[in-house]
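In: Quick one, structure for this:
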Amino acid sequence: MQRAGLAIAKFAMALAPHAKTIWIACGPGNNGGDGYEASWHLKSWGKMPTVTCLANTNRLPPDAAISKQKALDAGVVFSDTIPTHYDLCIDALFGIGRVRPWNDSTALWINQINSEQAPVLSVDIPSGLHADTGEAEKLHVRAHYTLSLLTLKPGLFTADGREACGEIWFDALGMTNSVQACAQLNSEPVVITRAHNTHKGSYGDVWVVGGGAGMTGAALLAAQAALYGGSGRVYVSLLDVTAIQLDISQPELMFRAVDDVAAKTMTVVAGCGGSKVIAQHLTNLVTDSARLVLDADGLNALALDSTLQTLLSTRPPLTTVLTPHPLEAARLMNISTSKVQANRLEVAQTLADRFACIVVLKGSGTVIAAPATLPRVNISGNARLATAGTGDVLAGLIAARLAAGGDAFARVCEAVFHHGQIANTWSPSTPLTAQALARAL
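Out: Model (predicted):
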């Protein structure tokens with residue numbers, strides 16, 4: 001707690017070196033104790049911390065009680081009311097403690113913290129955000145900065161976490177002992193240059209099967225992404241047989257009837273814009289394809305067919321990738337979307353284990369999971385990807401990376417990071433459409 005308090009105080013001064021009055025909202029546990037400890041340091045440095053604490057702090061944990069008394073002895077101001085003016089707010093209410101229904105005082109404080117009167121620093125995790133899942137209470141702290149202590153928590157990076165935490169910083173407090181991790185962050189991959197003595201066959205073939213009536217664009221976006229993502233050759237089978245069998249903007253794409261392509265050597269993308277028609281072809285694609293990326297309507301068809309689910313689970317391990325958004329994952333799990341979002345890591349891992357495949361659970365903090373593998377939480381990407389067709393682009397990019405060979409899980413992780421990274425570097429003044437995203441690959 002002493003290390004934590006010092007780290008918080010130092011970080012507060014780095015964020016707001018000219019802040020004079022600092023409101024520290026302290027809770028009834030060790031998170032509050034960290035706040036008390038920080039207030040003592042800030043007072044000794046000539047600042048004017050004002051501490052508000054919840055009414056039941058007479059039953060503080062022993063260390064927190066000691067830190068509170070130290071702050072009182074140093075002359076830190078303790079108040080029952082929020083200061084009328086403050087230059088910085090430190091949220092030391094609940095941290096990783098149990099998320100609980102707020103009483104009136106806590107609700108009042110959180111609303112004031114979120115009032116934008118001053119920058120907000122949350123200790124360890126914003127109050128009201130679940131550390132393991134990233135699920136937030138309807139009323140929760142919206143921090144500008146979060147200082148995570150000892151370990152990084154998965155809830156910081158997925159579901160509501162990215163929005164609630166603001167800028168995330170980490171302090172191990174000098175601890176070097178290893179901790180059993182439940183996930184890893186998906187980091188930027190090393191760029192691999194192509195060998196000079198290679199040819200189009202060196203980078204594999206991708207076959208996109210999808211594009212039912214009115215949805216041919218989805219299949220074409222996936223195919224373009226596979227092409228720009230590095231595939232040697234890309235074939236397209238549109239399920240709308242009346243559609244023009246040519247993409248004049250991308251003449252490199254080769255169009256074929258579904259029955260005219262052999263899947264045994266292919267990396268297949270099935271389902272993008274596939275409508276209900278894709279269900280007619282999935283048994284053959286699941287049985288025959290060398291590698292398979294199931295997206296969109298392919299996942300919806302899978303959710304409705306238990307026989308197909310059994311067949312999918314018998315494929316060689318890690319030759320299948322499922323790319324559901326939360327609603328598609330909910331259909332596969334036969335649960336509500338809210339339950340998916342309440343525990344994204346567990347849902348992704350459950351699906352990966354059930355089907356012996358790689359799962360990419362899309363959303364804020366996309367989760368990549370595989371059997372007997374520590375899941376990854378992706379840290380690239382932003383809300384510019386919240387537009388039609390970007391998921392089709394991701395499916396095509398994943399297929400291109402798989403087709404090139406190598407460790408399948410690593411290739412999928414690379415694709416997910418690259419997809420999000422483009423959104424991170426995109427000009428805020430320019431709309432990010434799915435086709436622009438594909439071409440930026």
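In: And the strands in the stretch 151-300 of the chain?
Out: In the stretch 151-300 of the chain, the strands defined using DSSP state E, counting those that start in this stretch lie at 167-171, 184-186, 205-210, 233-238, 254-255, 267-270, 291-294.
In: try the stretch 301-441 of the chain
Out: Using DSSP E, counting those that start in this stretch, the strands found in the stretch 301-441 of the chain span residues 320-322, 358-361, 367-369, 376-378.
In: what's the closest of those strands to residue 70?
Out: strand 376-378 (37.3 Å; C-beta to C-beta). The way it works is simple: take the backbone N, C-alpha and C, and place the C-beta from them, glycine included.
In: could you give me the average pLDDT of that closest one?
Out: Averaging pLDDT along strand 376-378 yields 98.
In: Equivalent analysis for stretch 348-358, please.
Out: When pLDDT is averaged over stretch 348-358, the result is 98.
In: Return that stretch as CSV; C-alpha atoms alone will do.
Out: Output in CSV follows, covering the C-alpha atoms of stretch 348-358 (Å, rounded to 0.1, in the frame of the first residue of the first chain):
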residue,chain,number,x,y,z
ALA,A,348,-14.2,-17.1,-26.8
GLN,A,349,-12.3,-19.8,-25.0
THR,A,350,-15.4,-22.0,-24.7
LEU,A,351,-16.1,-21.8,-28.4
ALA,A,352,-12.4,-22.5,-29.2
ASP,A,353,-12.4,-25.6,-27.0
ARG,A,354,-15.8,-26.8,-28.3
PHE,A,355,-14.8,-26.7,-32.0
ALA,A,356,-11.0,-27.2,-31.7
CYS,A,357,-10.5,-24.0,-33.6
ILE,A,358,-9.3,-20.5,-33.4
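In: How many neighbouring residues does residue 192 have?
Out: By other C-beta atoms under 10 Å, 9 other residues sit near residue 192.
In: Next, work out how far apart it and residue 203 are.
Out: For residue 192, the distance to residue 203 equals 12 Å [C-beta to C-beta, to the nearest Å].
In: Kindly report the same for residue 20.
Out: Relative to residue 203, and taking C-beta to C-beta, residue 20 is found at 60 Å.
In: Relative to the whole chain's centre, how far out is stretch 225-238?
Out: The chain centroid and the centroid of stretch 225-238 are separated by 26 Å under C-alpha atoms, centre = their mean, to the nearest Å.
In: how far does it stretch from start to finish?
Out: From its first residue to its last, stretch 225-238 covers 16 Å (C-alpha to C-alpha, to the nearest Å).
In: cool, stretch 14-26 as well?
Out: Span of stretch 14-26 from end to end, C-alpha to C-alpha: 21 Å.
In: contacts for it?
Out: In this structure, residues lying in contact with stretch 14-26 by C-beta atoms under 8 Å, 6 or more residues apart in numbering are 12-13, 32-33, 35-36, 38-39, 42, 47-54, 57, 82-83, 85-93, 109, 113, 118-119, 121, 145.
In: Inside helices: which ones of the residues you listed?
Out: Members of those lying in helices (criterion: DSSP state H): 12-13, 32-33, 35-36, 38-39, 42, 109, 113.
In: Quick check: of those residues, which lies closest to residue 235?
Out: Using C-beta to C-beta, residue 113 is the member of the ones in helices among the contacts of stretch 14-26 that sits closest to residue 235, with 54.9 Å.
In: Would you check that that closest one makes contact with residue 141?
Out: Yes - counting by C-beta atoms under 8 Å, residue 113 does reach residue 141; the two are 5.4 Å apart.
In: so what sits against both of these two?
Out: What both residue 113 and residue 141 touch, as defined by C-beta under 8 Å, 6+ apart, is the set 91, 120.
In: what residues are up against the residue nearest to the spatial centre of the chain?
Out: Central residue check for the chain by C-alpha atoms, centre = their mean: the C-alpha nearest the mean position is that of residue 365, 0.6 Å away. Counting by C-beta under 8 Å, 6+ apart, residue 365 makes contact with 134, 157-159, 161-162, 344, 377-379.
In: Please work out how many residues are found near the nearest residue in space to residue 216 that is not next to it in sequence.
Out: Distances taken as C-beta to C-beta, 6 or more residues apart in numbering place residue 243 nearest to residue 216, at 4.8 Å, with adjacent residues excluded. Using other C-beta under 10 Å, residue 243 has 17 neighbouring residues.
In: give the contact list for residue 164.
Out: Neighbours of residue 164 in contact, by C-beta under 8 Å, 6+ apart: 126, 128-129, 136, 140-143.
In: Now tabulate the residues you listed in JSON lines and tack on secondary structure, neighbour count and pLDDT.
Out: Shown next, in JSON lines, are the contacts of residue 164 (DSSP: H, G, I helix; E, B strand; the rest coil; neighbours: other C-beta atoms under 10 Å; pLDDT from 0 to 100):
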{"residue": "126", "secondary structure": "coil", "neighbour count": "31", "pLDDT": "97"}
{"residue": "128", "secondary structure": "coil", "neighbour count": "24", "pLDDT": "95"}
{"residue": "129", "secondary structure": "strand", "neighbour count": "30", "pLDDT": "96"}
{"residue": "136", "secondary structure": "strand", "neighbour count": "21", "pLDDT": "94"}
{"residue": "140", "secondary structure": "coil", "neighbour count": "25", "pLDDT": "96"}
{"residue": "141", "secondary structure": "coil", "neighbour count": "26", "pLDDT": "97"}
{"residue": "142", "secondary structure": "coil", "neighbour count": "20", "pLDDT": "98"}
{"residue": "143", "secondary structure": "coil", "neighbour count": "27", "pLDDT": "98"}
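In: quick one: low-confidence parts of the stretch 151-300 of the chain?
Out: Regions of the stretch 151-300 of the chain meeting the criterion pLDDT under 70 cover residues 178.
In: can you do 90?
Out: Low-confidence segments of the stretch 151-300 of the chain (pLDDT under 90): 174-181, 187, 189-194.
In: Look up how far residue 61 lies from residue 206.
Out: In this structure, residue 206 and residue 61 are 57 Å apart, going by C-beta to C-beta.
In: Neighbour count: the two, which is higher?
Out: Comparing residue 206 with residue 61 by other C-beta under 10 Å, the one with more neighbours is residue 206, at 33 against 14.
In: Quick check: bridge partners of the more buried one?
Out: Under the criterion DSSP bridges, residue 206 forms beta bridges with residue 234, residue 267.
In: That one and residue 224: what is the separation?
Out: Going from residue 206 to residue 224 by C-beta to C-beta gives 11 Å.
In: Pull up the overlap in contacts between these two.
Out: What both residue 206 and residue 224 touch, as defined by C-beta under 8 Å, 6+ apart, is the set residue 396.
In: circling back to that earlier point, and residue 20 and residue 203? Which one has more around it.
Out: Per other C-beta under 10 Å, whichever of residue 20 and residue 203 has more neighbours is residue 203, with 19 against 13.
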